[in-house]
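Asker: Okay, predicted coordinates and the sequence, questions at the end:
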Amino acid sequence: MTTFSTEGFQVGKGGRRMRAAVELLSSMRFAIALLTVICIASVIGTVVKQHEPYNNYINQFGLFWAQVFDVLGLYSVYSAWWFLLILAFLVTSTSLCIARNTPKILQDLRSFKENIHEQALRAFGQKATAEVAGTPEEAARRLGQSLVRSGWKVRLQERRTAQGMGWMVAAKAGSWNKIGYLAAHCAIVLICLGGLFDGDLMVRAQTWFNGKQVYRGAGMIAEVPAASRLGPNNPSFRGNLFVPEGASASSAILSQKDGVLVQDLPFSIELKKFIVEYYPTGMPRLFASDVILRDRTTGEQHPARIEVNHPASFKGIEIYQSSFEDGGSSVTLKAVPMGGAAVAPFEVHSKVGESTTISNGKDQRTLEITNLRVINVENFGKEGEGNGVDVRKVDLQHTLNANLGSAQSRSDKQLRNVGPSIAYKLRDASGQAREFNNYMQPVASSQGGVPEFLFGVRTDPNQPFRYLRIPADDKGGLGEFQRLRTALMTPAMRAEAVRRYAAEATTGQPPEVVKQLTASAERVMDLFAGDPAKMAQAGLDPNGDAARGFGLQAVASFIEKTVPADQQARVGDVLLKILNGSLLELAQLERAQAHLPALDMGQERNRAFMVQAVVALSDAPLYPEPLLFQLQDFKQVQASVFQVTRSPGKWVVYTGCFFLILGVFAMLYIRERRVWVWLTPVDGQEGVSAATMALSSNRRNLESDREFEVLKDKLLGIHA
């Protein structure tokens, strides 16, 4: 029954190797192998992020494997030369398969195979014999009409036999099954061709044959030379367009492996307003851009709204809402000193995307404002409760996951907007930079306590931010903490705070007790403040990694070195009590100098503030820069990132998908069946014919068995 061939063309001319190559290329086995390779490559293209900066791949895979994967083209799989070559071979191989089998299929569609012999019918698996009324001709016409009424196509043939004139009834149904084979294979060719048209092939062809060059420099788009610009009539491209509010753009960026190409558009896009709407939880509900599309030739204007999954179309180009970014918002930052030396606070006025030079005379930094986020929606679910942040690690990745981590894996979500944040870089004279991410408002955790300012830092863009947490004072600012830290760095104020603490704690005690407590308090305060002389007296290295030279770790290192192991826990509790009492006196002292009322330690908030301030004071010296910049004010300017595409191949792909659906449906749900009934006269019996019937189906199953039983009953009168 089958007319399909999985073998290749049998070429009679040419050398042996040439004939073998043509046969392999046109064989079904070769096409299936190519499909398998394409599937594997597609998986790689899905797992490995495509068109990322090369340094990202080095950080992810290491230098050696990053170079190996680069040579293999795994960072741009779908435009790699070998992927395009495989697609070309697949198109060629599948086309040859279609060309080889189409004539046979068309011939088979026209043929009823009425010349089949009786012996062949008896070899079929589904066969039956019987005697029917009427001469062979009468029976043949009667049976043929019955099959036609049941939807079969019928052909009658008269033959001469030894018994006399015999008649063959040949019928077929479900011939569209073979059309499904052609449709499915044509679909593969069309989809591959559409993919080639809409891929990088057209752009690459212009760099190969039209003298276009990838631009590797930096600067304004208008400064890109003509050799790196593609004309508006480019038949196929896919690029990104960055448009701030109130501005317009008419050139898209096409990212290439080692640079970019600029695609000039036949129109400009002016962004009137970027719209973002939120759910009550603070999660975004809608991203949309109100734009004006202006024809660069005629000046025709076309207003449109572009939303996610709702693109606009103009001049044959589809415009999608890809993402949104800051469009150059103006910000006011307050510099907060974090170093040991006293620095007067000052303000910096800048814009997102701009740089400012900051110097104290001998040390210089370049402040680069990289991003402003007005909305920061974080999860404060119950699963995060109970994991206080250990700022001694200055690490939010593990301990802040409960409060500021990804909400994807949480079962109990409490989404909350924690307000604006500013991201910036500080770059030193050698060009090395650290990234910072600071929240404008203090954030209250789900565990209660005093809201805290979060100041994040990282040196590797592939790593999460590590956060320093500083409690907010009763005015919602950093003033109390800054005054307390300045007082801690002042030896005279530490000494006065120790004196007051010892005097209050030893009321009515002998002078020896007062002197002993004063000495202990002085030592623990000096260690906590990181006084180098006191560290050396205690046998600790102020620059040692183990001692850390300051804060609670310095106190812990002192206990480990000077106190027997079995007494360390008790001594540690005593010293922490002394430290907390001395720091409280230091806070009351600095508030008196600032003409502020004393802290009322009967209030829960004040007690919580001091507890959190001790940890923040311990970790503040770990901050890697002498200044941190706190967002004071901003004026937001949004920008939309549009993806613009010209995809002539999409209609080819759509057509291929239609043929694929049609082909799969035909092959799976349409059964090709053929039935033959051979009629001959019976010797000695007038008006009686001998009938031999056989049924053939491309898939034998229960349905074909039932159909055969129905045909036996209907045609031959044989009841099941």
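Answerer: Arrived safely, thanks for sending.
Asker: Give me the neighbour count for the closest residue to Y623 other than its chain neighbours.
Answerer: Closest residue to Y623 apart from its sequence neighbours, by Cβ to Cβ, 6 or more residues apart in numbering: M338 at 4.5 Å. C-betas here are computed from N, CA, C, even on glycine. The number of residues packed near M338 is 20, by other Cβ atoms under 10 Å.
Asker: what sits against M338?
Answerer: 620, 623, 625-628 (Cβ atoms under 8 Å, 6 or more residues apart in numbering).
Asker: now do Q157
Answerer: With Cβ under 8 Å, 6+ apart, Q157 has these contacts: 114-115, 167-168, 170.
Asker: rerun that using 10 Å as the cut-off
Answerer: For Q157, the contact set (Cβ atoms under 10 Å, 6 or more residues apart in numbering) comprises 112, 114-116, 140, 166-170, 678.
Asker: Among these, which one lies nearest to E604?
Answerer: Nearest to E604 among the contacts of Q157 is F112, at 96.0 Å by Cβ to Cβ.
Asker: circling back: could you save the contacts of M338 as TSV and add columns showing distance to N309 and neighbour count?
Answerer: Listed next are the contacts of M338 as TSV, based on distance: Cβ to Cβ, whole Å; neighbours: other Cβ atoms under 10 Å:
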residue	distance to N309	neighbour count
A620	47	23
Y623	43	18
E625	43	14
P626	48	17
L627	44	21
L628	40	24
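Asker: and the residues you listed, which of them are in helices?
Answerer: Using DSSP state H, no member of these falls in helices.
Asker: Now do the buried residues in stretch 701-717.
Answerer: By neighbour count on 16 or more other Cβ atoms under 10 Å, the buried set for stretch 701-717 is 704, 707-708, 711-712, 715-716.
Asker: So which of the residues you listed are in helices?
Answerer: Those of the buried residues of stretch 701-717 lying in helices (DSSP H): 704, 707-708, 711.
Asker: Adding pLDDT and distance to S313, write the buried residues of stretch 701-717 out as CSV.
Answerer: Below are the buried residues of stretch 701-717 laid out as CSV (pLDDT from 0 to 100; distance: Cβ to Cβ, whole Å):
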residue, pLDDT, distance to S313
S704, 87, 50
E707, 90, 50
F708, 91, 55
L711, 92, 55
K712, 90, 60
L715, 90, 59
L716, 89, 63
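Asker: Check the secondary structure at A335 for me.
Answerer: strand (DSSP: H, G, I helix; E, B strand; the rest coil).
Asker: what's the distance between it and E347?
Answerer: Distance of A335 to E347, given as Cβ to Cβ, to the nearest Å: 7 Å.
Asker: Ok, S95 next?
Answerer: 69 Å.
Asker: Then T645?
Answerer: Distance from T645 to E347, by Cβ to Cβ: 44 Å.
Asker: same deal with L484?
Answerer: Using Cβ to Cβ, L484 is found at 23 Å from E347.
Asker: Which residue of these two possesses the greater neighbour count?
Answerer: L484 (23 against 11).
Asker: one step back: anything in contact with each of A335 and E347?
Answerer: Common neighbours of A335 and E347 (Cβ under 10 Å, 6+ apart) are F629.
Asker: one step back: and of the contacts of M338, the nearest to L196?
Answerer: Using Cβ to Cβ, E625 is the member of the contacts of M338 that sits closest to L196, with 51.4 Å.
Asker: In this structure the closest one contacts R427, no?
Answerer: No - using Cβ atoms under 10 Å, E625 is not in contact with R427, being 11.0 Å away.
Asker: Could you list the low-confidence segments of the stretch 251-400 of the chain?
Answerer: Applying pLDDT under 70 to the stretch 251-400 of the chain flags the ranges 281-282, 339-343, 361, 379-400.
Asker: can we see that at 50?
Answerer: Across the stretch 251-400 of the chain, the ranges flagged by pLDDT under 50 are 383-400.
Asker: Kindly report the same for the chain.
Answerer: Where the chain drops to pLDDT under 50, the residues are 1-2, 383-411, 545-547.
Asker: Nice, that's everything, thank you.
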